[in-house]
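# here's a sequence, model it:
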Amino acid sequence: MGITVDPEGIEAYFTNVDALRATFKTLVSESPLSKRIIAIHGVGGIGKSSLVRMFRLHCKRLEIPVALASGDDAKSVLTILSDWAEDLAANNVKLPVLSKTLKHYRAIQSKVEDKTQELRKKMGDQASSAASKAGETAVGAALGSLIPGIGTVAGALGGMGAAALVDWLRSHNFAKADIDLLLDPAQKMTDDFLADLAQVANKRRVVLLVDTFEQLPTLSDWVCDLAQRCHPNILLVVAGRAMPDWSRIWPGWLAHAHVEELHPMSDTVMRDLVQRYYATMRGGAPNANQVEAILHFARGLPMVVTSAVQLWVKYGVEDFQSVKTEIAANLVDRLMEGVPPELIPALEAAAVVRWFDQPILRAVTGLADVRDVYSELRRFPFVRTRTEGLALHDVVREMIDENLRVQDSERHCELHESAAGYFEKRLEKATGEEAERLGLERLYHRLCVDEESGIKLFQEMAEELVRYRLINRLRTLVNDIHTYPLKQNKHRLWQSYYDARYSFFQRQFDHAEKLYKEIVDSPDAENTLRANALCSWGDIKKSTRYITKPNGLNELLTIIEKSNFTTVQNFRANFRASVGGALLAIESAQSSPAEATAHPSNSAP
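Next up, the predicted model:
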């Protein structure tokens with residue numbers, strides 16, 4: 001018998017997009033697949049997540065292995081693969097190679113944690129006895145390092161970089177393969193996942209689902225690569241606010257995809273949705289006049305329809321007639337008007353954090369007992385279950401949080417400060433992947449409290465990851481900050497800078513150059529940032545791969561000349577020194593351009 005459980009009860013009231021649902025059902029049953037990808041896009045609140053869950057329910061009914069990962073939950077390659085593996089396990093699909101690698105990776109992390117704890121104790125003893133050896137980093141700075149798992153080691157190494165970190169790991173009997181896996185596990189785990197899944201797909205159809213794709217900007221290329229490498233019997237569904245931009249790295253991808261944009265619902269479909277959702281909550285038929293008021297209010301967004309019906313049925317809100325132009329602001333008004341006063345602090349707290357459970361609600365609201373309000377919140381149609389607990393639908397969360405920031409900036413700051421303090425306290429005892437996840441939450445709330453100091457924390461975190469070549473963690477950090485509501489362009493430029501650094505490590509030099517140029521040319525770039533961008537840009541251009549191209553030397557000299565406009569002390573001298581070797585080697589490189597081009601520089605910015 002197929003699995004027919006629908007824990008969210010969505011099937012009882014889901015309506016619309018019949019053609020796309022039929023397309024999905026046809027593709028799932030095809031052999032071979034005529035399209036390997038379904039790409040769904042549309043504005044927030046249009047019903048993409050509900051549709052993806054209907055796809056998942058259909059597969060479970062037919063006992064087709066299906067796995068769902070969401071950008072709301074997954075911030076890294078590891079979490080996406082782990083979520084997929086866990087979901088597939090519920091279908092009795094085992095991924096033995098990936099499971100073994102994940103287990104081994106976590107064992108390595110645990111071993112590093114043990115070694116760093118030993119080092120932490122040793123450094124603490126040295127500091128307390130004032131007997132630190134000459135040349136060692138101060139214990140305070142070391143213990144404040146920002147890299148979960150190896151932070152203490154990084155601090156003790158005094159910022160010496162990736163080579164020193166590798167040497168330290170080797171000195172503690174870590175094998176080269178283990179070091180490689182620790183520093184950048186994404187490639188190995190992706191290979192293992194695809195190999196395992198190919199064994200399953202040889203015998204049966206497999207469906208992979210990615211929801212809230214807009215939350216994974218720096219993982220877009222990875223998902224694209226995975227789509228190309230998937231077994232031909234695997235169907236990949238990607239849903240987000242915008243259509244995937246994969247033409248640069250996979251020019252022919254559209255030939256393999258069914259792409260569809262979801263549009264606002266018609267009045268007829270919305271009436272059907274109101275009646276169905278009302279019936280699931282109260283039974284019977286709703287008042288016709290109230291149905292029309294909700295339709296006028298919702299403007300075709302199903303998430304707004306279900307929220308309005310919830311307020312109407314549960315709290316008696318009926319004033320949906322006087323509608324403002326902005327649906328977002330009006331929905332927030334209606335939420336606050338209809339929700340009982342005792343629930344409002346919890347609703348605001350739930351909108352401030354990106355996910356919540358009872359301990360988080362207690363910490364952020366200051367309430368001693370949140371059991372009742374937590375139970376109330378989880379019944380709202382815009383509250384979703386996720387790995388860590390619950391979360392408001394991203395559209396509702398963003399609207400309430402922004403409305404609070406505008407209407408009561410002091411309370412907005414207090415709530416985010418409480419959240420930051422909560423995650424910082426949990427970070428003190430966290431290890432491994434949990435520490436990485438909590439570190440991102442801490443950064444998010446610090447930025448929301450004060451963008452200026454928050455972006456400095458981001459710079460410190462990113463710079464450590466760059467220094468120690470922790471590429472996978474850098475990708476996770478850059479991906480996450482892409483989703484933050486940064487208000488100032490100068491801070492968004494710092495985000496672009498570390499996006500470029502990541503692109504360089506991935507050997508995506510053209511993309512990195514584009515970002516560096518945009519930073520250098522921007523009037524909003526701070527002097528330090530412009531200097532960093534020029535230096536990193538020059539390090540790309542100084543390689544023989546570029547310098548031997550037509551006009552390559554002139555482009556490098558132009559970058560050096562631009563450095564004359566920066567006021568950062570010592571930048572010009574340092575930059576000229578960094579490219580001096582390249583300038584001295586130009587004559588020999590030009591005398592043998594073929595050889596020079598065949599062996600591009602591997603120097604890093």
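
# mind listing what's buried along the helix or strand hosting Ile108?
Assigned by DSSP states H and E, Ile108 belongs to helix 96-128. Of all the residues in helix 96-128, those buried under the rule 16 or more other C-beta atoms under 10 Å are 97-98, 101-102, 105, 108-109, 111-113, 115-116, 119-120, 123, 127. C-beta: built from backbone N, CA, C; applies to glycine.

# just these now: which is nearest Arg271?
Ranked by distance to Arg271 (C-beta to C-beta), these are led by Leu98 at 46.6 Å.

# check contacts around the closest one.
Leu98 is in contact with 81, 85, 189, 192-193, 196, counting by C-beta atoms under 8 Å, 6 or more residues apart in numbering.

# and the gap between the closest residue to it other than its chain neighbours and Ala201?
Spatial nearest neighbour of Leu98, chain neighbours left out: Asp192 (4.3 Å); criterion: C-beta to C-beta, 6 or more residues apart in numbering. The gap separating Asp192 from Ala201 is 15 Å, by C-beta to C-beta, to the nearest Å.

# also Thr306?
Distance of Thr306 to Ala201, computed by C-beta to C-beta: 36 Å.

# more neighbours: those two, which one.
Thr306 (28 against 18; other C-beta atoms under 10 Å).

# Arg205 contacts Ile64, correct?
Yes: Arg205 sits in contact with Ile64 when judged by C-beta atoms under 8 Å, with a separation of 5.4 Å.

# got any residues that touch both of the two?
With contacts defined as C-beta under 8 Å, 6+ apart, the residues shared by Arg205 and Ile64 are Val28.

# quick one, phi/psi of Val237?
phi -110, psi 130 (degrees, to the nearest 10).

# which ones are touching it?
Applying C-beta under 8 Å, 6+ apart to Val237 gives the contacts 24, 37-40, 52, 55, 207-210.

# what about 10 Å?
When contacts are counted by C-beta atoms under 10 Å, 6 or more residues apart in numbering, Val237 touches 24, 27, 37-40, 51-52, 55-56, 66, 68, 207-211, 213, 258.

# swap in Ala419?
349, 352-354, 356, 360, 363-364, 441-442, 444-446, 448-449.

# change it to 8 Å
Per C-beta under 8 Å, 6+ apart, neighbours of Ala419: 352-353, 360, 363-364, 441, 445.

# among the contacts of Val237, name the ones in helices.
24, 27, 51-52, 55-56 (DSSP state H).

# kindly provide the distance from the residue nearest to Leu98 to Ser110.
Using C-beta to C-beta, Asp192 is found at 20 Å from Ser110.

# do Lys517 as well
Lys517 is 43 Å from Ser110, where distance means C-beta to C-beta.

# what's the answer for Gly366, then?
35 Å.

# repeat that for His258.
Distance of His258 to Ser110, computed by C-beta to C-beta: 44 Å.

# reformat the contacts of Leu98 as JSON lines; add neighbour count.
Converted to JSON lines, the contacts of Leu98 look like this (neighbours: other C-beta atoms under 10 Å):
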{"residue": "Leu81", "neighbour count": "25"}
{"residue": "Ala85", "neighbour count": "21"}
{"residue": "Met189", "neighbour count": "22"}
{"residue": "Asp192", "neighbour count": "19"}
{"residue": "Phe193", "neighbour count": "25"}
{"residue": "Asp196", "neighbour count": "21"}
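
# dump the residues you listed into CSV; add pLDDT, distance to Asp524 and secondary structure as well.
Converted to CSV, the contacts of Leu98 look like this (pLDDT from 0 to 100; distance: C-beta to C-beta, whole Å; DSSP: H, G, I helix; E, B strand; the rest coil):
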residue, pLDDT, distance to Asp524, secondary structure
Leu81, 95, 37, helix
Ala85, 95, 43, helix
Met189, 95, 38, helix
Asp192, 97, 43, helix
Phe193, 97, 41, helix
Asp196, 97, 47, helix
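
# what helix or strand is the nearest residue to Ala363 once chain neighbours are set aside located in?
Take Ala363 and drop its neighbours on the chain: the residue closest to it by C-beta to C-beta, 6+ apart is Tyr422, 4.0 Å away. Assessed by DSSP H and E, Tyr422 sits inside helix 409-427.

# in that helix, what's buried?
For helix 409-427, the neighbour count (16+ other C-beta under 10 Å) marks 412, 415-420, 422-423, 426-427 as buried.

# right, and the helix or strand after it?
Next along from helix 409-427, by DSSP H and E: helix 432-449.

# which stretches of the chain form strands?
Using DSSP state E, the strands of the chain run over residues 37-41, 66-70, 206-211, 234-240, 257-261, 383-385, 390-392.

# nearest to Lys176, out of those?
strand 66-70 (30.6 Å).

# confidence score at Arg475?
If you check Arg475, the pLDDT there is 91.

# should've said His104
According to the model, His104 scores 94 on pLDDT.

# now do it against Ala175, distance only.
Here His104 is placed at a distance of 11 Å from Ala175 (C-beta to C-beta).

# what's the answer for Leu474, then?
From Leu474 over to Ala175 the distance is 23 Å, taken as C-beta to C-beta.

# more neighbours, the two?
More neighbours surround Leu474 than the other of Leu474 and Ala175, with 24 against 11 (other C-beta under 10 Å).

# I figured that one hits Arg501, correct?
Yes: here Leu474 reaches Arg501: they are 7.1 Å apart, a contact under C-beta under 8 Å.

# identify the contacts common to the two.
Both Leu474 and Arg501 are in contact with 462, 466, where contact means C-beta under 8 Å, 6+ apart.

# any idea how many residues pack against Arg473?
By other C-beta under 10 Å, the burial measure for Arg473, its neighbour count, is 25.

# ok, Ser266 next?
Neighbours of Ser266 using other C-beta under 10 Å come to 12.

# with adjacent residues omitted, what lies nearest to it?
Counting by C-beta to C-beta, 6+ apart, the nearest residue to Ser266 once its immediate chain neighbours are dropped is Gly300, at 7.4 Å.

# what's the distance between Val396 and Val304?
As for Val396, its distance to Val304 is 9 Å (criterion: C-beta to C-beta).

# brain fart, Pro232
Taking C-beta to C-beta as the measure, Pro232 falls 40 Å from Val304.

# just Gly283 next, same as before
Relative to Val304, Gly283 is positioned 23 Å away (C-beta to C-beta).

# try Asp245
Distance, Asp245 to Val304, using C-beta to C-beta: 28 Å.

# Asp272 now?
15 Å.

# more neighbours, the two?
Val304 (26 against 15).

# which residues does the residue lying closest to that one once chain neighbours are set aside contact?
Sequence neighbours aside, Ala298 is the residue nearest to Val304 in space, at 4.2 Å (criterion: C-beta to C-beta, 6+ apart). The contact partners of Ala298, taken as C-beta under 8 Å, 6+ apart, are 270, 304-305, 308, 327.

# quick one: which two of those are the most distant?
Spanning the widest gap among the contacts of Ala298 are Met270 and Ile327, at 13.4 Å by C-beta to C-beta.

# neighbours of His56, how many?
Wrong residue type there; residue 56 is Arg, not His. Neighbours around Arg56, by other C-beta under 10 Å: 20.

# no wait, Lys188
Counted with other C-beta under 10 Å, residues neighbouring Lys188 total 17.

# thought it was touching Leu181?
Yes: contact criterion C-beta under 8 Å: Lys188 and Leu181 qualify, at 5.7 Å.

# need the overlap of contacts for those two.
Thr101.

# sketch out the low-pLDDT regions of the stretch 151-300 of the chain for me.
151-160, 299 (pLDDT under 70).

# just the stretch 501-605 of the chain next, same as before
Ranges of the stretch 501-605 of the chain meeting pLDDT under 70: 542-605.

# try it again at 80.
Along the stretch 501-605 of the chain, segments meeting pLDDT under 80 span 538-605.

# and the gap between Asp272 and Glu261?
21 Å.

# contacts only, for Phe174.
108, 111-112, 182.

# distance to Glu434 for those - can I get that in TSV?
Output for the contacts of Phe174, formatted as TSV (distance: C-beta to C-beta, whole Å):
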residue	distance to Glu434
Ile108	16
Lys111	16
Val112	14
Leu182	16
